[in-house]
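Visitor: sequence plus predicted model, see below.
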Amino acid sequence: MADRDSESDDRINDDLDMIWCVPGLVAGLPLTARYAQYLESSGNDQTWLVMLALVTLFGPATALVAVAGVFRKEVQRGRMSWEEYWLLLSGISVAACVFLGVTGIDDVIAAWDYLSSLE
């Protein structure tokens with residue numbers, strides 16, 4: 001039993017980075033809603049503009065997962081502790097939300113309502 005515990009401590013799950021998709025999507029949702037409002041008001045129906053809307057939704061999540069991958073490798077190398085990992089990524093997530101204009105859950109709910117009302 002003790003051998004199995006020590007083996008699991010040495011191995012770090014690669015799926016840990018995917019946790020950071022959630023704050024990335026939370027940051028990208030209001031950004032996508034604002035972009036959709038722009039597209040609706042400008043009357044543009046070009047395909048590349050719609051594809052750019054998908055980038056605004058998944059871009060922050062992709063960036064956070066990439067940063068989490070780099071920091072996880074630093075933890076594996078012993079250059080960073082787990083406390084620093086969680087602290088830095090939490091701070092980056094909050095900064096990304098603030099930079100993109102998400103100041104509270106009401107922004108996310110309003111964006112979800114707007115995007116779900118589109119046809």
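Guide: That came in fine, so what should we check first?
Visitor: please count neighbours and contacts with C-alpha atoms only from this point.
Guide: Fine.
Visitor: where does residue 58 fall, secondary structure wise?
Guide: helix 47-77 (DSSP states H and E).
Visitor: what packs against that helix?
Guide: Helices and strands touching helix 47-77, by 3 or more Cα pairs under 8 Å, 6 or more residues apart in numbering; DSSP states H and E, are helix 21-42, helix 82-99.
Visitor: let's have the ones you listed in JSON lines, adding distance to residue 108, mean pLDDT and mean neighbour count.
Guide: Below are the helices and strands packed on helix 47-77 laid out as JSON lines (distance: least, Cα to Cα, whole Å; pLDDT from 0 to 100; neighbours: other Cα atoms under 10 Å):
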{"stretch": "helix 21-42", "distance to residue 108": "6", "mean pLDDT": "85", "mean neighbour count": "19"}
{"stretch": "helix 82-99", "distance to residue 108": "10", "mean pLDDT": "91", "mean neighbour count": "15"}
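Visitor: residue contacts, the residue most central in space within the chain?
Guide: Nearest to the mean C-alpha position of the chain, counting by Cα atoms, centre = their mean, stands residue 24 at 1.4 Å. The contact partners of residue 24, by Cα atoms under 8 Å, 6 or more residues apart in numbering, come to 58, 59, 60, 61, 62, 63, 64, 93.
Visitor: of those, closest to residue 72?
Guide: Nearest to residue 72, judged by Cα to Cα, of the contacts of residue 24 is residue 64 at 12.0 Å.
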